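[1] Here is a sequence with its predicted model. Questions after.
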Amino acid sequence: MNEAAKIGERIRALRADRFSLEALASKAGISAGMLSQVENGRGNPTFRMLYRVAGALGVEVEQLLEPSPRRPTSIVRRTDPARTRTARGFRISAMTPAADRGLAVCTVHLTPGAEHEVLGDYDGDFCVWVRTGTLTIKNADISVDLGAGDTVYLQSLPHVWVNATDSSVEAITMYSSAEWIASVASRREPTSEHGSVLDEIFFPSRGGTAAPADELADLDDPRLEGRLRDLGKSIRRQRRRRMTLAEFAKQTQLSIGLLSRLENGGGNPSLQALTRIATALDTSVAMLLTPTEERQPQIVRQQHRRQLTDPLVGGRYEVLTPRLDGRFVAFIWLLTGSRRISSLPHRHDGDEFISVLRGQVELTVDASAYQLAEGDSATYDSANLHQLRRVGDEPVGLLAVRTSEIH
């Protein structure tokens, strides 16, 4: 099934039991005949058209291009064989499962005097929480010194991790894309006994259609124009790392003029054009829509962490990330006192990760319960109903990371 047919099926599924074809077409501001063609996979819809249809359905356009299926819960026990890679005084171990999630968490160790280059070849954000020692993160433009308890939140850019002290550094890194793990190491060394698995996680192999006339081209929608500008920035940023504009035009079989307009935030690319562009850049159409603006590192010192309380369960949150509405939010969840219920059953968008720093908890996701002790981790689709309960009377401390904002 080609991409146009898949998108048509997704639109039809989202429309079912909510709108007639005519009602959705009217709400999106397009003709019923054109929407029928799209749903049947016979059209070549433009970005503007898909944007309007997504808005009428109450979803983001990415959901039409690449919907996120519900994913199973994954448990990583402290006693499980470590999925670890090493490179000259640097060791990284995965705390989350491989491959298919939008969130990855790892522990990192640097020996005294060690330096390690991180390529940062993927769009995304990451956060580093230093647990022990002093870590410096730097490149030509930035230099950030972090002590024990400090965190830094920054986007994917090439940089170097430096331990200039005579003590070891232990840190936890959190990435907004599982695929981003592939950029962690720039130098390969012989693999450990688990190397065959880790190669897949950390070192994967890398190896002209005109848009039709668009009845939506003259609509004035500032947010749509902003999305088109973000799309252009994303394409230009990824293309410049790989090829010239002329080479790009040859690979995509699109004109240099069309690609130039698109990279500068203009035009109205068709689905077929976006698919060719994504293929040439070794990515997906949905990933092209990820904003790529450059941001300065944001540091949260241990003594300046935001403190939140939950009167329903008596817990306290110490927020490690600078904002509650970023691509992901990380926080330490502390529960003391006599209450055993750590959260009420709830669900929300995104993925969620927890790691037990102290004590024991029971995690329930849908109808399945998981007992987690100190050092154990769980990653789950938080669109599923989930709840945490404290086990025993000991205080509980959790590291939690979620890809949706805290309200």
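    Perfect, I can see it now. Residues are numbered from 1 along each chain as shown.
[2] Could you measure from residue 22 over to residue 15?
    Separation of residue 22 from residue 15 (CB to CB, to the nearest Å) stands at 11 Å. C-betas here are computed from N, CA, C, even on glycine.
[3] ranges for the strands of the stretch 151-300 of the chain?
    151-155, 159-162, 169-175, 298-300 (DSSP state E, counting those that start in this stretch).
[4] Output those strands in JSON lines, with distance to residue 269, mean pLDDT and mean neighbour count appended to each entry.
    JSON lines is the format used below for those (distance: least, CB to CB, whole Å; pLDDT from 0 to 100; neighbours: other CB atoms under 10 Å):
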{"stretch": "strand 151-155", "distance to residue 269": "25", "mean pLDDT": "87", "mean neighbour count": "22"}
{"stretch": "strand 159-162", "distance to residue 269": "32", "mean pLDDT": "89", "mean neighbour count": "19"}
{"stretch": "strand 169-175", "distance to residue 269": "29", "mean pLDDT": "93", "mean neighbour count": "22"}
{"stretch": "strand 298-300", "distance to residue 269": "33", "mean pLDDT": "92", "mean neighbour count": "18"}
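[5] Those strands: which one's closest to residue 113?
    Ranking the strands of the stretch 151-300 of the chain by proximity to residue 113 (CB to CB) places strand 159-162 first, at 8.9 Å.
[6] Pairing partners for that closest one, with directions?
    Next to strand 159-162 in the sheet, as set by DSSP bridges, lie strand 115-118 (antiparallel), strand 135-138 (antiparallel).
[7] can I get the CA coordinates of that strand in PDB?
    Taking Å, rounded to 0.1, in the frame of the first residue of the first chain, the C-alpha atoms of strand 159-162 are listed here in PDB:
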ATOM      1  CA  HIS A 159      29.700  18.500  21.300                       C
ATOM      2  CA  VAL A 160      32.200  16.900  23.700                       C
ATOM      3  CA  TRP A 161      31.700  15.500  27.200                       C
ATOM      4  CA  VAL A 162      34.800  16.100  29.300                       C
END
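[8] And it, how far out from the chain middle?
    In terms of CA atoms, centre = their mean, to the nearest Å, the centre of strand 159-162 is set 22 Å apart from its chain centre.
[9] And residue 22 and residue 15? Which one has more around it.
    residue 15 (19 against 12; other CB atoms under 10 Å).
[10] Quick check: which element contains the residue nearest to the more buried one when sequence neighbours are not counted?
    Nearest non-adjacent residue to residue 15, counting by CB to CB, 6 or more residues apart in numbering: residue 24, 5.2 Å away. Here residue 24 sits within helix 21-28, counting by DSSP states H and E.
[11] Give me the contacts around that helix.
    Residues outside helix 21-28 that contact it (CB atoms under 8 Å, 6 or more residues apart in numbering): 15, 19, 31-32, 34-36, 39, 49, 52-53, 55-57.
[12] doesn't residue 159 make contact with residue 118?
    Yes: counting by CB atoms under 8 Å, residue 159 is a contact partner of residue 118 at 5.6 Å.
[13] for the closest residue in space to residue 174 that isn't next to it in sequence, which residues make a bridge with it?
    In this structure, residue 174 finds its nearest non-sequential neighbour in residue 127, 4.6 Å apart by CB to CB, 6+ apart. Residue 127 forms beta bridges with residue 153, residue 174, as assigned by DSSP bridges.
[14] Look up how far residue 302 lies from residue 127.
    14 Å.
[15] Neighbour count for those two, which is higher?
    Counting neighbours by other CB under 10 Å for residue 127 and for residue 302 shows that residue 127 has the greater number, 25 against 15.
[16] if I pick that one, what's in contact with it?
    Contacts for residue 127 (CB under 8 Å, 6+ apart) come out as 151-154, 173-174, 320-321, 328, 330.
[17] redo that, cut-off 6 Å
    Residue 127 makes contacts with 151, 153, 174, 321, 330, as judged by CB atoms under 6 Å, 6 or more residues apart in numbering.
[18] next one: residue 82
    residue 93.
[19] returning to what we had before: taking the contacts of helix 21-28, tell me the two that lie furthest apart.
    Using CB to CB, the two most remote members of the contacts of helix 21-28 are 36 and 55, lying 18.8 Å apart.
[20] what ranges do the helices span in this structure?
    Counting by DSSP state H, the chain has helices at residues 3-15, 21-28, 32-39, 47-57, 61-65, 195-202, 222-240, 245-252, 256-263, 271-280, 285-288.
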